[in-house]
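A.B. asks: starting from these lines, generate the structure:
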Amino acid sequence: MKKILSLVLALALLLGCASALAEGFTTDFDVPATGEKFVIYAWNDEFLGMLKNYYIPAVGGTVADDGTVTFPNGDVLEFVINPNDNGNYQAKLDQALQNEQHIDLFLMEADYALKYVNSEYTRPIESVGITAEEMAGQYEYTRQVATDENGVIKGSSWQAAPGLFMYRASLAKKYLGVNSPEEMQEKVKDWDSWLATAREVKEKSEGATKLIPSNGDVWQVVRTVRSTPWVDESLTLKIDDQVKWYFDFAKTLREENLTAEANPWSEGWNACMGNDSVMGLFFSTWGIQWTMVGNSGGSAPGEGTYGDWRAVKGPQPYYWGGTWLAVSKFCTNDALAADIIRFFTTEEDSMKYYCLGSKDYVNNDAAVKSIIDDGFSFDFLGGQDHYSLFREVLPLIDVSTMSAYDQNINSAMDTQVNYYIAGEKDLDTALADFAAAVVDLYPEITAE
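C.D. replies: Residues are numbered from 1 along each chain as shown. You can find the predicted model right below:
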């Protein structure tokens, strides 16, 4: 696609970035009409918003008052949303694919991407004309996630999702005497230091503030550094020492009352981002702009907790999440599928345009480096350049333990962790019941 930047603003919108953000970004659209709807399956409306707010304004087309998206060639978008709760999205997607329904693109999360990548229902990205050379600017781990067992790339992501530890600067100063991210990093540089800091925060605040919302937030970090995948090549469940360590670490957090006991995605968990009940959060790239900003209680520094957050690397490198676009076996519009994939996942200029506007961390290192070099800062983080921290974490991401079963197995494990930390089961019983639950979910898997 040919890129044209025009009408450059003097200041970057929303980002506090020293480089100018293009008010208008246009690109050629050369996709013949098919007369058919272009069908995309997803679990929420995030990507729909990306199409409406970035792709359509750049290529042309319209978004009607009722939300209907029409591409410049007259083809209409059909965006099918099935919420992710209790595996609902996968179930509905599986049913549609098995019934050979018309789907052009569908979205995959990291926790189950390999299930589809290694299936007959996804096509190689090259089948719509996108070459490996075009994807060379992406971060290596994102290509690994979308590569099937035969070495074929069958998905493409617009984002990389390295994680950091986020903390409230005012609370860190008040309870820890911390005045800079460098000082805070020392307080959370490894898990022993992190635990000691959790105890200090509780003590100094007299229990009013906790370092973290819940043990579940810790799991998002720990799960990415296990020594083995949940399921090995012989389809045997593997519970390694890191998992057992987490069970005991979570119990310590509960017994010493070191968390706010606000489980991820609960009302209390969201609320803690806008009050003083919690000092810190583990989050990856997408979580800052999609979750923290919206729950901060403000939209500019000084409003709610907006502007009071900072980022450090934390106790260990990790990643959390990420979304991949897959071309369905039943895609009937290769040209439009390729154009959308290129716009969001391979073209440096359009990805930079999206990055500046959305605050997401795009899957193109050249685009990100250009933004950093232009003087990137983010007012939500007090003017901090957290993109540079993300770039330092990225080379350390290891996806070798990822499996096709991760989402449901993680959920089954979380259930048993909660029984254990509540004192309703001992460790051996909780682990045994976890293994039994996995076998019930997946009869093809054998528990050790």
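
A.B. asks: list of residues touching stretch 80-96?
C.D. replies: 39-45, 48, 103, 106, 109, 112, 115, 407-408 (Cβ atoms under 8 Å, 6 or more residues apart in numbering). (Each C-beta comes from the backbone N, C-alpha and C, glycine too.)

A.B. asks: now swap in stretch 137-149 and tell me
C.D. replies: 110, 113-114, 117-118, 125, 135, 153-157, 160, 319, 322, 324, 326, 345-346, 348, 363-367, 394, 397-399, 402.

A.B. asks: what comes up buried for that stretch?
C.D. replies: 137-139, 141-143, 145-148 (16 or more other Cβ atoms under 10 Å).

A.B. asks: returning to what we had before: taking the contacts of stretch 80-96 one by one, which sit in helices?
C.D. replies: Among the contacts of stretch 80-96, the members falling in helices (DSSP state H) are 48, 115, 407-408.

A.B. asks: pLDDT and distance to P443 for those residues - can I get that in a markdown table?
C.D. replies: As requested, those are exported to a markdown table (pLDDT from 0 to 100; distance: Cβ to Cβ, whole Å):
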| residue | pLDDT | distance to P443 |
| --- | --- | --- |
| L48 | 98 | 36 |
| K115 | 96 | 16 |
| Q407 | 89 | 18 |
| N408 | 92 | 13 |
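
A.B. asks: mark which of the contacts of stretch 137-149 are buried, thanks.
C.D. replies: 110, 113-114, 117, 125, 135, 153-157, 160, 319, 322, 324, 326, 345-346, 348, 363-365, 367, 394, 397, 399, 402.

A.B. asks: looking at those residues, which are in helices?
C.D. replies: Mapping the buried ones among the contacts of stretch 137-149 onto helices (DSSP H) picks out 113-114, 117, 345, 348, 365, 367.

A.B. asks: farthest pair in the buried residues of stretch 137-149?
C.D. replies: G137 and D148 (21.2 Å; Cβ to Cβ).

A.B. asks: residue ranges of the strands in the stretch 301-448 of the chain, please?
C.D. replies: Using DSSP state E, counting those that start in this stretch, the strands of the stretch 301-448 of the chain run over residues 309-312, 323-328, 446-447.

A.B. asks: mean pLDDT and distance to V178 for the ones you listed - can I get that in CSV?
C.D. replies: Formatted as CSV, the strands of the stretch 301-448 of the chain follow (pLDDT from 0 to 100; distance: least, Cβ to Cβ, whole Å):
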stretch, mean pLDDT, distance to V178
strand 309-312, 98, 9
strand 323-328, 98, 34
strand 446-447, 94, 45
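
A.B. asks: can you put these in a markdown table and add distance to S227?
C.D. replies: A markdown table is the format used below for the strands of the stretch 301-448 of the chain (distance: least, Cβ to Cβ, whole Å):
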| stretch | distance to S227 |
| --- | --- |
| strand 309-312 | 26 |
| strand 323-328 | 25 |
| strand 446-447 | 18 |
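
A.B. asks: show me the one of those strands that comes nearest N99.
C.D. replies: strand 323-328 (12.3 Å).

A.B. asks: the closest one packs against which elements?
C.D. replies: Judged by 3 or more Cβ pairs under 8 Å, 6 or more residues apart in numbering; DSSP states H and E, strand 323-328 is in contact with strand 105-109, helix 113-117, strand 122-123, strand 156-157, helix 334-345.

A.B. asks: repeat the analysis, applying 10 Å as the threshold.
C.D. replies: On a contact count with 3 or more Cβ pairs under 10 Å, 6 or more residues apart in numbering; DSSP states H and E, strand 323-328 meets strand 38-42, helix 46-50, helix 88-98, strand 105-109, helix 113-117, strand 122-123, strand 156-157, helix 334-345.

A.B. asks: surely Y54 meets Y354?
C.D. replies: Yes: contact criterion Cβ atoms under 10 Å: Y54 and Y354 qualify, at 5.1 Å.

A.B. asks: got any residues that touch both of these two?
C.D. replies: 25, 343-344 (Cβ atoms under 10 Å, 6 or more residues apart in numbering).

A.B. asks: kindly reformat these as CSV and extend each row with pLDDT.
C.D. replies: Converted to CSV, the shared contacts of Y54 and Y354 look like this (pLDDT from 0 to 100):
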residue, pLDDT
F25, 92
F343, 98
F344, 98
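
A.B. asks: nearest to M184 among those residues?
C.D. replies: Closest to M184, out of all of the shared contacts of Y54 and Y354 and judged by Cβ to Cβ, is F344, at 33.9 Å.

A.B. asks: which stretches of the protein have low pLDDT?
C.D. replies: The model of the chain has pLDDT under 70 over residues 1-23.

A.B. asks: what domains does the record give for it?
C.D. replies: 3-161+320-383, 163-319+396-447 (automatic domain parsing).

A.B. asks: include neighbour count when you put the shared contacts of Y54 and Y354 into a markdown table, please.
C.D. replies: Formatted as a markdown table, the shared contacts of Y54 and Y354 follow (neighbours: other Cβ atoms under 10 Å):
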| residue | neighbour count |
| --- | --- |
| F25 | 22 |
| F343 | 25 |
| F344 | 25 |
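
A.B. asks: of those residues, closest to R226?
C.D. replies: The shortest gap between R226 and any of those belongs to F344, at 30.5 Å (Cβ to Cβ).

A.B. asks: who's in contact with that closest one?
C.D. replies: 47, 50-51, 54-55, 156-159, 325, 350-351, 354, 360, 362-364.

A.B. asks: distance check, L427 against S411.
C.D. replies: Distance, L427 to S411, using Cβ to Cβ, to the nearest Å: 19 Å.

A.B. asks: swap that for G298, sorry
C.D. replies: G298 sits 33 Å away from S411, going by Cβ to Cβ.

A.B. asks: circling back: pipe the shared contacts of Y54 and Y354 into JSON lines and attach distance to A271 per row.
C.D. replies: Compiled in JSON lines, the shared contacts of Y54 and Y354 are given as follows (distance: Cβ to Cβ, whole Å):
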{"residue": "F25", "distance to A271": "36"}
{"residue": "F343", "distance to A271": "36"}
{"residue": "F344", "distance to A271": "32"}
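
A.B. asks: hey, where'd the strands end up in the stretch 151-300 of the chain?
C.D. replies: Counting by DSSP E, counting those that start in this stretch, the strands of the stretch 151-300 of the chain are 156-157, 163-168, 236-237, 280-284.

A.B. asks: which strands and helices sit next to the third one?
C.D. replies: It stands for strand 236-237. Packed next to strand 236-237, using 3+ Cβ pairs under 10 Å, 6+ apart, are helix 427-441, strand 446-447.

A.B. asks: and stretch 230-240, end to end?
C.D. replies: 9 Å (Cα to Cα, to the nearest Å).

A.B. asks: just give me how far it sits from the chain centre.
C.D. replies: 25 Å (Cα atoms, centre = their mean, to the nearest Å).
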